[in-house]
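> Sequence plus predicted model, see below.
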Amino acid sequence: MRCKGIDLKLTNHNLEAVLAALPDPVFLITESGRYAGVYGGSDPSYYHDGSHLVGLSMFDVLPRYAAESFLEQIRMCLERRCMITFEYDLGGRDVKGLDDSSGPKDAIHFEGQVSPFEGLVDGEKAVIWVARNITKRYRLEEQLRRISETDPLTGIYNRRRFIAEITERLEEFTRYQEAASIIMLDLDNFKQLNDTLGHQAGDNMLCKVAHACRKVLRNVDLFARFGGEEFIVLLPHTELEVATVIAERLRQTVEHLEPLNANVSPVTTSVGVGCLLMHDSVDSAISRVDDALYRAKRAGRNRVEVQSVADTLANGVSEKTI
Ligand SMILES: Nc1nc2c(ncn2[C@@H]2O[C@H](COP(=O)(O)OP(=O)(O)OP(=O)(O)O)[C@@H](O)[C@H]2O)c(=O)[nH]1
């Protein structure tokens, strides 16, 4: 073996030393999931000592779901004859027989790089599996993602997350006709509340509305602040009829909120409701609900209006759903 141009023939002994010094653990694993060799992983703050795994099968030491999913990666790698990269969580407690006194205490998020091994190991095909602890990077990415999709004032999702979600739901609707509905709320005469009690009071009211509405929705409903004093809900697997009932519940929830001050009237909201239709785009779906909302405003506020029946039928949704 050559090493960066230095004519160094590695003996088995110093080859072992090189492998042991590798920072990330490297596993030689056979096609059937047996650990034939474990090398490296020399930093105990990042990795447990996995040397006891040699000779054991993944099915002896890992939870069944993990062993099955890892075996699938090995199969894919050998079939495609190229490196496969994928991410997974595996804590020390998930691996039977690990010495718990050393290594990281929390679950680790790994990036696994699985490459075909040239040659056979005990008559079996095998792979080289490099496991990198990317927990710090992963947590940071999660934190950034959370920040990028959260409204800082109310703590609920923001418009960006809503658009991402509705884009996904539209794909699902086009492919499987899986119903989904949208509810849009716009608080009534909010400028007056700001002007009377001040912007800070207005902010407090927005938070109160957000928290109260979130409570009456299902966990699967995506509730977001769409802008200023506008909120929006995406209700997956929900037909228009049901969404209309939920819209009315949201309207009442806002109406029954305690006013911030005895001298001001309760806050109310106008509400528009719609459902996804064939050939919808994100813009067309939202603008139909927006039209319904503005009909509610024009009709005197504090009421629910639904997208027009003509709109709904013209777009190929069966009458059953409206
Ligand atoms: N406190 C506070 N006010 C906001 C925020 N975003 C928007 N607003 C206010 O919401 C008010 C919206 O006013 P308009 O668009 O005139 O609507 P409205 O007074 O609610 O009247 P209608 O919608 O017609 O019922 C403005 O005064 C904005 O300043 C916010 O983050 N905090």
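Here it is on my side, so go on. Numbers count the residues shown, from 1 in each chain.

> phi, psi of the residue of the stretch 151-300 of the chain found nearest the ligand?
The ligand sits closest to G202 of the stretch 151-300 of the chain, with a gap of 2.5 Å, by Cβ to the nearest ligand atom. (C-beta placed from N, C-alpha, C; glycine too.) Backbone geometry at G202, expressed as degrees, to the nearest 10, gives phi -60, psi -40.

> Surely it touches Q192?
No: G202 is not in contact with Q192 according to Cβ atoms under 8 Å; the separation is 10.0 Å.

> between the two, which one's more packed in?
G202 (21 against 12; other Cβ atoms under 10 Å).

> Let me see the contact set for that one.
190, 193-194, 229 (Cβ atoms under 8 Å, 6 or more residues apart in numbering).

> What of D203?
With Cβ under 8 Å, 6+ apart, D203 has these contacts: L153.

> Surely it is within a helix?
Yes: with DSSP: H, G, I helix; E, B strand; the rest coil as the criterion, D203 is assigned to a helix.

> any idea how far it is from V273?
Separation of D203 from V273 (Cβ to Cβ, to the nearest Å) stands at 27 Å.

> and stretch 231-240, how far from the chain's centre?
18 Å (Cα atoms, centre = their mean, to the nearest Å).

> Just checking it against the ligand, any contact.
No: under the criterion of Cβ under 6 Å from any ligand atom, the ligand is not reached by stretch 231-240; the shortest gap measures 11.5 Å.

> For that stretch, the averaged confidence score.
Summarised as a single mean, pLDDT over stretch 231-240 is 96.

> Quote the end-to-end distance of it.
18 Å (Cα to Cα, to the nearest Å).

> So for it, what gets flagged as buried?
Going by neighbour count (16 or more other Cβ atoms under 10 Å), the buried part of stretch 231-240 is 231-236, 238-240.

> now stretch 74-88
Applying 16+ other Cβ under 10 Å to stretch 74-88 flags 74, 77-78, 84 as buried.

> can you list contacts of it?
By Cβ under 8 Å, 6+ apart, stretch 74-88 touches 29, 31, 33, 66, 69-70, 73, 109-116, 125, 127, 129, 134, 138.

> Using PDB, write down the CA coordinates of that stretch.
C-alpha atoms of stretch 74-88 as PDB (Å, rounded to 0.1, in the frame of the first residue of the first chain):
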ATOM      1  CA  ILE A  74     -26.500  -3.200   2.500                       C
ATOM      2  CA  ARG A  75     -28.500  -5.000  -0.200                       C
ATOM      3  CA  MET A  76     -29.000  -1.800  -2.200                       C
ATOM      4  CA  CYS A  77     -25.300  -0.900  -2.000                       C
ATOM      5  CA  LEU A  78     -24.300  -4.400  -3.200                       C
ATOM      6  CA  GLU A  79     -26.900  -4.400  -5.900                       C
ATOM      7  CA  ARG A  80     -26.000  -0.900  -7.300                       C
ATOM      8  CA  ARG A  81     -22.300  -1.400  -6.600                       C
ATOM      9  CA  CYS A  82     -21.800   2.100  -5.400                       C
ATOM     10  CA  MET A  83     -21.600   4.100  -2.200                       C
ATOM     11  CA  ILE A  84     -24.900   4.800  -0.400                       C
ATOM     12  CA  THR A  85     -25.200   7.600   2.100                       C
ATOM     13  CA  PHE A  86     -28.100   7.700   4.600                       C
ATOM     14  CA  GLU A  87     -28.900   9.100   8.000                       C
ATOM     15  CA  TYR A  88     -30.200   7.300  11.100                       C
END
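
> from the buried residues of stretch 74-88, which two are the most distant?
The span of these, defined through Cβ to Cβ, is set by L78 and I84 at 9.7 Å.
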